[in-house]
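>>> Pasting the sequence and the predicted coordinates here, then a few questions.
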Amino acid sequence: MSRLPPNPTLKQLAALIGEWEVEVPQFPGQRGRATFEWLEGGAYLRFHAEAPDPAPTATWIISRDDSSETYTALHYDSRGVSRVYQMSFDKGAWKLWREAPGFWQRFSGTLSDDGSSIRGAWEKSPDGSSWEHDLDLIYTRVK
């Protein structure tokens, strides 16, 4: 069985690789875990998050068309919800977004300069024009 070479379009995502503790300030005292790891020797990125209740556990598979700067993130979670997001990651700014009829979402997070934490927030909208804060997330690198 031959291994694929690492995908050069994913190189900048190496800053995310590792294990993270996840905190949702709206649900104090509970912690989750998240892992970013390469699949197929770096052909894809897998993001698996076990969030504190009531947030669902989710797995994301991330890659990119080599003609675009925007990543595609396939999401599936413990509720049986399957979604497709667009994603960007540039100079520590991590963004995810989805434009679906009746339920738009976006996430914006920032990787700390030393790479030890990510602070971000999700927002939601019924139409993409009026946005409502959904929840905050704090990722702290474990290893």
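Alright, I've got the coordinates.
>>> where are the low-confidence patches of this protein?
1-2 (pLDDT under 70).
>>> ranges for the helices of it?
Secondary structure of the chain (DSSP state H): no helices located.
>>> where do the strands sit along this structure?
For the chain, strands defined by DSSP state E occupy the ranges 18-23, 31-39, 44-50, 58-64, 71-77, 82-90, 93-98, 104-111, 117-125, 132-141.
>>> surely Gly32 meets Glu50?
Yes - counting by CB atoms under 8 Å, Glu50 is a contact partner of Gly32 at 5.0 Å. To be clear about C-beta, it is placed using only N, CA and C from the backbone, and glycine gets the same treatment.
>>> give me the number of residues near Trp94?
When counting by other CB atoms under 10 Å, one arrives at 19 neighbours for Trp94.
>>> quick one, what contacts it?
Under the criterion of CB atoms under 8 Å, 6 or more residues apart in numbering, the contact partners of Trp94 comprise Leu16, Met87, Ser88, Phe107, Ser108, Gly109, Thr110, Leu111, Ile118, Gly120.
>>> try it again with 6 Å
Listed by CB atoms under 6 Å, 6 or more residues apart in numbering, the contact set of Trp94 reads Gly109.
>>> measure it to Thr140 for me?
Separation of Trp94 from Thr140 (CB to CB, to the nearest Å): 15 Å.
>>> which of Gly32 and Glu50 has more neighbours?
Under the neighbour definition other CB under 10 Å, Gly32 and Glu50 were set side by side, and Gly32 has more, 19 against 16.
>>> partners of the more buried one in the sheet?
When bridges are called by DSSP bridges, Gly32 pairs up with Val22.
>>> and it, what does it touch?
With contact set as CB under 6 Å, 6+ apart, Gly32 has these partners: Val22, Glu50, Ala51, Pro52.
>>> Then Gly109?
Contacts of Gly109 were listed using CB under 6 Å, 6+ apart, and they are Trp94, Ile118, Gly120.
>>> and Arg3, how many residues sit next to it?
The criterion is other CB under 10 Å. On that basis, Arg3 has 9 neighbouring residues.
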